[in-house]
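Asker: any chance you can model this:
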Amino acid sequence: MQLPSNLLAPSLFTLALLTSCAPVEPQPVNLVLVPPAALDDEIDAELAIEGLSALLVARLRAMPEVSVQINLAGCGRAATATHELRIVRELTTSSSITTLLLRACGQSGTEVEHLVQPRQQRRDWSAEAAWWVGARLDAPPAQPVHTGAVDEAQMQRFLIALARLKRRTAEDVGSAAAELSELSRSSPQFAQAHAYRAAAQMLAFEYGLVELEQALQEADAAIIDALRLAPDLGMAHAARGLYFMNQERYAEAAPQLARAAALDPGDATILLWMGNALLYHGRPRDAVPWLERAHALDPTLISVQISLGEAACLGGMEDICSRFLRNPGSGPMARFMAGLLLAHQGQFEAAQARIADVAAGVNAEWVSSLRADLCPFLGAADCQPRWIRPAGNAEPLLTAPGLDFWRIDLGLSGWVKAARTDDDARDRLTVELARLRSGGLSLPVLDLIESCLQGAPVARELQTDWAPLLQAWGCPEITVNGG
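Answerer: Okay, the predicted model is just below:
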């Protein structure tokens, strides 16, 4: 049977119809944000504008196929820019007026939007602004959800606190934590203040400004308040993730941070924390895409560069790890993390040198504990590392091995000792080692644990360098390769 010729070839109309229905690939947009100028009566205007810009950029970066940079020159000097967004603000006696001016570089036409709100009821308009910009570019982010309004003075304090948090120095984090705590008390309906207060408390602990118990207690209360007011507030879920991370409960942290990242996909800090949760759970291979995405969103975020270095060193990416250890960046946190990573690799003298001059800016207990853990490897006497426990003072084992990357032995010494005489402990530890290997973790201490359990030979340099730890585990019968 032969089909009619008109059915063998599509008509011009059919071709046109198929062409019109074909999906159009979105064109990449490089949006340059020109931040607003300071107003005469604003206090700490530079910091406030920095905080305001950080909020807006996080919203804009949530749009697909859109990259964002901040440049006062706008289209003029940003060679790769395709669009320019200018922000103009005005305060009258009764209102706050924000004007958005969006134009395509090289074109004269400008689209304009005015956001007007009473001065006594100001809100974070960054989500609304991003929605308007996205709609003009055919790539709108999630529709904005308002989380309450505060007066002008309170909003100014909030923006300043956000800018200080982003700067990530001990002084700025402490100032932001205090300001957000006060703002939460004076404005109990301000959900964002509660959420960022919780995050600030966790960061304050990491910088050694408060004790962990106090930070956890205050953060927990703030998170509950934030979620009661705004159940879908991304930073509130992110703060809960930090809450779990600082207790080394990484498996519980990851779902919270994944939800936060889904709610605020343009917030590079949340993506960083998500990557860190996976990294410290022993999954560097899974952590890297999150960290790379965070770096792509905000290349200026120093913490992301440190975490990418950590992922390389913990995941056995030797070339990238070596480059990071040679140049981890400035600041005490970068030097401390380089020292910790060197210790994980068995380079104990180099690790000690890196943390010798670490001053304020890192939790002092972390530094002193690492120094104590390094002590036996450097031939010193009267050492009290965390992996040697006096007789009769052994820590009770948990239901499963708990990973602690802030310790040279990963916190597994108790399990190694128990596994040598207890079959159940041995089985649980073996399962954990397999999980870590499957996640891409590659560290000498894992080789040592497996050799200790199996009675397999250990390379001479490992036997020599790690002898104090092997003795603490009770593995004297291990032979040395080649001797």
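
Asker: can you tell me the closest non-neighbouring residue to residue 117?
Answerer: Counting by Cβ to Cβ, 6 or more residues apart in numbering, residue 117 lies nearest to residue 96, which is 5.5 Å off, once chain neighbours are set aside. Yep, even glycine has a C-beta here, placed from its N, CA and C like the rest.

Asker: with residue 238 instead?
Answerer: Among residues not flanking residue 238 along the chain, residue 260 sits closest, at 3.8 Å (Cβ to Cβ, 6+ apart).

Asker: beyond the helix or strand that that neighbour is a member of, next helix or strand please.
Answerer: With the criterion set as DSSP states H and E, the secondary-structure element containing residue 260 is helix 250-263. Reading on from helix 250-263 to the C-terminus, the next helix or strand found by DSSP H and E is helix 268-280.

Asker: for that following helix, packing partners?
Answerer: Using 3 or more Cβ pairs under 8 Å, 6 or more residues apart in numbering; DSSP states H and E as the contact criterion, the neighbours of helix 268-280 among helices and strands are helix 234-245, helix 250-263, helix 284-297, helix 302-314.

Asker: I'd like these laid out as CSV, including distance to residue 359, mean pLDDT and mean neighbour count.
Answerer: Below are the helices and strands packed on helix 268-280 laid out as CSV (distance: least, Cβ to Cβ, whole Å; pLDDT from 0 to 100; neighbours: other Cβ atoms under 10 Å):
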stretch, distance to residue 359, mean pLDDT, mean neighbour count
helix 234-245, 24, 96, 26
helix 250-263, 29, 94, 20
helix 284-297, 27, 94, 21
helix 302-314, 17, 93, 23
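
Asker: wait, what's in contact with residue 354?
Answerer: Residues counted as contacts of residue 354 (Cβ atoms under 8 Å, 6 or more residues apart in numbering) are 335, 336, 338, 339, 342.

Asker: for residue 191, state which of those residues is nearest.
Answerer: Each of the contacts of residue 354 was checked against residue 191 using Cβ to Cβ; the closest is residue 336, at 33.7 Å.

Asker: circling back: for the residue nearest to residue 117, phi and psi?
Answerer: The main-chain torsion angles of residue 96 are listed as degrees, to the nearest 10 and equal phi -110, psi 120.

Asker: my guess is it contacts residue 114. True?
Answerer: No. With contacts counted by Cβ atoms under 8 Å, residue 96 stays clear of residue 114, the gap being 11.0 Å.

Asker: so for the two, which sits in the more crowded spot?
Answerer: In terms of neighbours (other Cβ atoms under 10 Å), residue 96 is the more surrounded of residue 96 and residue 114; the figures are 21 against 10.

Asker: who's that one bridged to?
Answerer: Going by DSSP bridges, residue 96 is paired in beta bridges with residue 91, residue 117.

Asker: ok, and what's touching stretch 154-174?
Answerer: With contacts defined as Cβ under 8 Å, 6+ apart, stretch 154-174 is touched by 42-44, 47-52, 54-55, 122-124, 150, 175-176, 179-180, 183, 186-187, 190, 192-193, 196, 199-200, 203-204, 207-209, 269, 302-303, 333, 360-361.

Asker: mind redoing it with 7 Å?
Answerer: Here stretch 154-174 makes contact (Cβ atoms under 7 Å, 6 or more residues apart in numbering) with 42-44, 47-48, 50-52, 54-55, 122, 175-176, 179-180, 183, 186-187, 192-193, 196, 200, 203-204, 207, 209, 302-303, 360-361.
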